[in-house]
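**Student:** task: produce atomic coordinates for the following.
(2 chains, ligands or ions: 3)
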Amino acid sequence: MTRAIFGTTMAFHIIFATMGVGLPLMILLVELLFWRTRDRDYEIMAKRWTKAQAILLGVAIPSGTIAGVQLSLLWPGFMEIVGKVISLPFQIEIFAFFVEALFMSIYVYAAHRLSRNMRLLSLFMVLLGATASAILITNVHAFEGTPTGFRMVDGQIVDVDPWKAFFNPSFFVTAGHVTVSAYMTGAFIVAGVAAWKMLRAEKGSRVYLYHQKALLTGLIVGGTFSLLTALNGHESAQLLHKYQPEKLAAAEGLFETQAYAPLAIGGFTDPETKEVKYAIEIPWALSFLAANRFDEVVVGLDDFPKELWPPLYVHTLFNGMVIIGSLLIFVGFIGFAWKKLLKRSQFPRWVLWVFVASGPLALLGIEFGWIFACTGRQPWVVYRVMKTVDAATQAAGISTLFWIFLSVYVFFAIVTLLVFRSYFGRHPLELDPPEQPKVDGGTA
Amino acid sequence: MTDTIIAITLLWIFVVIYSVAASFDFGAGFWSMIYLNREKTKATQIANRYLSPSWEVVNVFIVLIVVALVTFFPGATYTLASLLLVPGCLVVLLILIRSTFMVFSHLIYKYDKMLSIVSGVTGILVPALLISVLPVTQGGLSRTINGVEYLDWGLFLTSPHVYSFIGLAISSTLYLSSLLLADYSFVAGEKQAFAVYRRDAVLLGPITLLAALVTVLTMQIEAKWLYDRILDYLPWLIASAVCFFISYISLMLPQDRRYFGIHLPRIAVIVATTQYLLASYAYGAARLPYIVYPQVTIESSFTHPDTFHALFICYMVGFAILVPGFIYFWRLFMRDEQYVRQK
Ligand code: HDD
Ligand code: HEM
Ligand code: HEM
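**Tutor:** Residues are numbered from 1 along each chain as shown, chains lettered A, B, ... in the order given. Ligands and ions are numbered 1, 2, ... in the order given. Got it, this is the predicted structure:
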């Protein structure tokens, strides 16, 4: 039950947090585009996206606060290790939050009083703060998978080296994966919304062209980062092969330890027959994925006692993430090719629908990825050091709390959507607005 | 000073900064709700002008406190987690509702009244619940079952001490924030709003004092050990009371005078903040070394010394880098005439 509460909290927070990391990059890019091209459309984009960011942060920050408090309340056993060994990232993250919060307020409420360079600088600081907070929290997650910097002797934590724990083996790769996938998600969300608006606008009109600019920016950035995500994901998989072989085996539904291992795509892992049913198998590919060579021996689940197996459905989650990733690289490329290589000026409607889907798909990929990463580590909360059950709080009454939290999240998800609709419905796109900038007061 | 004392002092500083900043923040939200329908006085706009840029920054402090507590004193998490599970979860839920609705109320004109009412009310409940951490960790309100400590709700809900703390939290929140907003509207040149907030502060001052007295009295009954110790810090408490009277008197004087080049409403805010600093020092020092009375002390729960040193260095470096950011922020929103007056 503790897991259910924490899992839903994270699943909720992560949606807003990921967009909160990705969107500042897009805002910064269009501000830069504006100053370069002097095309006012980009300035309007920056303004409107900033409003969206403000709404998102209104949910991201308190839900993150919940995550942080719950982490301490629900997993006191885990937090004891965290407190003694891996507290640095948590603590530095606070500073990242401060940076983001300070400069976000400055950019939102004082933009019209700032010089151009200060505006760009504060946006950059927002991006820096958001990215740093993602990287730092991911560091704790990386530590859970590849704990270093301490030893457990008879339940006591000894030989603590906080910096060694900080720079644990999977830190850089994992943090990189989270960062680029967040940038990619932000970009595809922007592209998706723009495509949706294009579907509803008159072809070739001013509004249509405005959204097309947003769409192309989103697709190009998204496509680039999805390529990076995949490349880096490949490295993440190799790390699993090296440090958490049973996780990779579960992800691929591999039971027998073997060289020239095949890669299974799709299907469901069946623990009875020890095979992945209804899957397409690509011979040798898994060995290649794991170590860039076909004769690599990949460890299978049979080498581990059954009670240490991760849940087998992680295969589906992993597949989901990888398929979405590959698809999105392709989507980004279509957009680019259509415009720049084929020099067509308009997209057919069905292509636009594909673009619309890209935003939600990217978010789905994030969710798949996290749930895979967290459940794939089970039954451990800190790999081969502490079991999840030993980390949980003993307090009673957890299940009531779960339902309360769940309903509050559902409620807020709906309210947030309504707010988006209502706000942007009442503030329709006004192209070529009057020159005089509106003074945004506290109640704007 | 030993490492543990340094750690608890840092933590204490964070807690005090948060409690003052959060009083301003939650209180301002409450006032902005109360004066919603009195558009002429601008009292709501003044509150919102202060709130809009500041709530995010204030919110980071509560995360800072949780993180500092867990990272400095990981040994305390087990007990604290099971004692505070329900109040803690309620607090964060209330914060979620409050902050989100506050942001939304600025964006959605159709429902802005309803949204501000919800956020104003939940905002004032947050300090009320947060402060219950203090009586709970003073001991005497828990039950132990199978070696796990639980909060005894029966005792909790019937304890006069808990209620007096809650009263103290609410009245202080409102008192401090009305003082601050009086100052803010004075600087903004909004005469009517100033009169409104000054009147509120004048009303609330004696109530806060009364709540503080009742809290000390109920402490004598329910947490005798702490009462005895806090008496050792009597001079601090007296100094705190003196501060209260100074700031209260400066509210009464004709407001257009200046002392030491500072206008009077500002003096009232500064002295009242000092009052709270002194009182919380006395409380904090009297509590040492207990985090949860009587079983968790700062020594028994302290983190690994190497980790502490690394953390400490990071705090110093981090704040050294951040302080210019805070100053810039403060000048943009608290001092900038153009922003505060906002024609
Ligand atoms: C839209 C997002 C997205 C996309 C397209 C991908 N990933 Fe991913 N992946 C994530 C979003 C993500 C994530 C949400 O950011 C995770 C969860 C935990 C983490 O560190 O990053 C993750 C984790 C994650 C892990 C587990 C790391 C661990 O357990 O510590 C592996 C092995 C991969 N990814 C591999 C890939 C591969 C080979 C991809 C090929 C295209 C891929 N990912 C695309
Ligand atoms: C990066 C920071 C994260 C950290 C430090 C972290 C840590 C943890 C911890 C301590 C647990 C409880 C023990 C366990 O069941 O393993 C857990 C479980 C879980 N987390 Fe994460 N998590 C992180 C991110 C996420 C995200 C972003 C998601 C979102 C989708 C997520 C989804 C889950 C789920 C679903 C569980 C329950 C797993 C289960 O019981 O099977 N986590 N995580
Ligand atoms: C990879 C996963 C995560 C990402 C990308 C992420 C990112 C973010 C971002 C961008 C914010 C807004 C920061 C601000 O504006 O101040 C935020 C807030 C927050 N997050 Fe997450 N987060 C993640 C996972 C987690 C986890 C696992 C926890 C808890 C342990 C957590 C705790 C928090 C807290 C406490 C806040 C509120 C900070 C504040 O008060 O400003 N986050 N997160």
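**Student:** show me the contacts for the residue in the stretch 101-250 of chain B that ligand 3 sits nearest to.
**Tutor:** Nearest to ligand 3 in the stretch 101-250 of chain B, going by CB to the nearest ligand atom, is B:V103, at a distance of 12.1 Å. No exception for glycine: its C-beta is placed from N, CA and C like everyone else's. Neighbour list for B:V103: A:54-55, A:57-58 [criterion: CB atoms under 8 Å, 6 or more residues apart in numbering or on different chains].
**Student:** what about it, which helix or strand?
**Tutor:** In the assignment (DSSP states H and E), B:V103 maps to helix B:77-107.
**Student:** quick one, the helix or strand just after that helix and helix B:77-107 angle?
**Tutor:** As assigned by DSSP H and E, the chain's next helix or strand after helix B:77-107 is helix B:112-130. Orientation check (axes from the mean of the first three to the mean of the last three CA atoms, to 10 degrees): helix B:112-130 against helix B:77-107 gives 160 degrees.
**Student:** list the residues that contact A:W403.
**Tutor:** Applying CB under 8 Å, 6+ apart, no residues contact A:W403.
**Student:** what residues of the host helix or strand of it count as buried?
**Tutor:** Taking DSSP H and E as the criterion, the element that holds A:W403 is helix A:398-426. Of all the residues in helix A:398-426, those buried under the rule 16 or more other CB atoms under 10 Å in any protein chain shown are A:398, A:401-402, A:405, A:408-409, A:412, A:415-416, A:419-420, A:422-424.
**Student:** between helix B:112-130 and it, find me the angle.
**Tutor:** 150 degrees.
**Student:** could you tell me how far helix A:398-426 lies from the centre of the chain?
**Tutor:** On the basis of CA atoms, centre = their mean, to the nearest Å, helix A:398-426 sits 20 Å off its chain's mean C-alpha point.
**Student:** hmm, back to that, from the contacts of B:V103, which is closest to chain B?
**Tutor:** Closest approach between the contacts of B:V103 and chain B, by CB to the nearest CB: A:G58, at 3.2 Å.
**Student:** what residues does the stretch 51-200 of chain A have near ligand 3?
**Tutor:** Applying CB under 6 Å from any ligand atom, we find that the stretch 51-200 of chain A lies next to ligand 3 at A:57, A:60-61, A:64-65, A:67-68, A:71, A:97, A:100-101, A:130, A:133-134, A:137-138, A:178, A:182.
**Student:** the residues you listed: which ones sit near chain B?
**Tutor:** Counting by CB under 8 Å from any CB of the partner chain, A:57, A:61, A:64-65, A:68, A:97, A:101 from those sit close to chain B.
**Student:** of those residues, which pair is most distant in space?
**Tutor:** A:L57 and A:G68 (15.6 Å; CB to CB).
**Student:** so between the two, which is more surrounded?
**Tutor:** The neighbour comparison of A:L57 against A:G68 (other CB atoms under 10 Å in any protein chain shown) goes to A:L57, with 27 against 24.
**Student:** distance of B:I270 from B:V58?
**Tutor:** Distance, B:I270 to B:V58, by CB to CB, to the nearest Å: 19 Å.
**Student:** give me the more crowded residue out of these two.
**Tutor:** Legend: neighbour count by other CB under 10 Å for B:I270 and B:V58, higher for B:V58 (20 against 17).
**Student:** that one reaches B:S19, doesn't it?
**Tutor:** No. Between B:V58 and B:S19 there is no contact under CB atoms under 8 Å: 10.6 Å.
**Student:** let me see the contact set for the closest residue to A:G320 other than its chain neighbours.
**Tutor:** Distance criterion CB to CB, 6 or more residues apart in numbering or on different chains; nearest residue to A:G320, sequence neighbours excluded, is A:F368 at 4.2 Å. Shown here is A:F368, whose contacts under the criterion CB under 8 Å, 6+ apart are A:317-318, A:320-321, A:324.
**Student:** so how far is B:D183 from A:F368?
**Tutor:** Between A:F368 and B:D183 the computed distance is 52 Å (CB to CB).
**Student:** likewise for A:I137?
**Tutor:** 38 Å.
**Student:** can you check A:S422 too?
**Tutor:** For A:S422, the distance to B:D183 - CB to CB - is 35 Å.
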